[in-house]
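**Student:** Need a 3D model of the sequence below.
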Amino acid sequence: MAASFPETAISTERLLLRPLAEDDAPGLAAMMADELVLAWTDRPHPFTEAHGVELARTLAPAHRAAGHGIVLAVTEHLTQRLVGLVELRHTDWRLRSTEISFITAAWARGEGYAPEAVLGVAQWLFEDRGFQRLELRTAAGNTAAQQVAQKIGGISEGVLRSAWIVRGDTGEVVEESRSDLILWSLLPEDLEAPEAPAPAWAGGHRYVLRD
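**Tutor:** Numbers count the residues shown, from 1 in each chain. Purely as a prediction, here's the structure:
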């Protein structure tokens, strides 16, 4: 039987990362109907509520059971509103290494949710699951994702040339072009520990974001 991640929930100061549910489908469809999601991800386009149900019911559970990774919904503690999606993939259980990708809803951008969610997953991987390496791959033109990688303390390791497809919707057809990817890594020793223990209201969040 393949090694796999357990079903889990991860709590940060403002967010709860949890398994997808079928009733997330409307929120997923709304989140994916965005030109930046189209440009920088490989999610189906258009992404319908049926795609969301399939992701929650079939694709995400199969992804986890096969040992490839895990898909988590990112929600606000206060409102329970869906603010994003985080996926671990290309997991190497021998090397204890995996790759993370993330999507943030358009209305939730600029609030620091993406680095908070990624850092929460990194903390869980390193402290609770014994992982030794987390990778991020960002398209050369995706400056927002690059800022997330920098904010969590990721180290740029180089460029993967012509390794991704960027999409754009002209209104009549989806156009595709090739893009380089920037490879980032985060190791346990790269996490910056705060000087004082996290207070109880922080939900056990023990690491800080970089300016």
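
**Student:** Now do the SS call for residue 141.
**Tutor:** coil (DSSP: H, G, I helix; E, B strand; the rest coil).

**Student:** who's in contact with it?
**Tutor:** Residue 141 makes contact with 166, 179, according to Cβ atoms under 8 Å, 6 or more residues apart in numbering. Where you see a C-beta, it was placed from the backbone N, CA and C, and this is true even at glycine.

**Student:** now with 6 Å?
**Tutor:** Residue 141 makes no contacts at all, as judged by Cβ atoms under 6 Å, 6 or more residues apart in numbering.

**Student:** the longest helix in this structure is where?
**Tutor:** Under DSSP state H, the helix in the chain containing the largest number of residues is helix 113-123.

**Student:** list the buried ones in that helix?
**Tutor:** If you call a residue buried by 16 or more other Cβ atoms under 10 Å, then helix 113-123 has these buried ones: 113, 114, 115, 116, 117, 118, 119, 120, 121, 122, 123.

**Student:** which residues are in contact with that helix?
**Tutor:** With Cβ under 6 Å, 6+ apart as the test, helix 113-123 has contacts from 10, 12, 15, 74, 83, 86, 102, 104, 134, 148, 151-152, 186, 207, 209.

**Student:** May I see the ChimeraX selection of the buried members of those?
**Tutor:** Here is the ChimeraX command that picks out the buried ones among those, judged by 16+ other Cβ under 10 Å:
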select :10,12,15,74,83,86,102,104,134,148,151,152,186,207
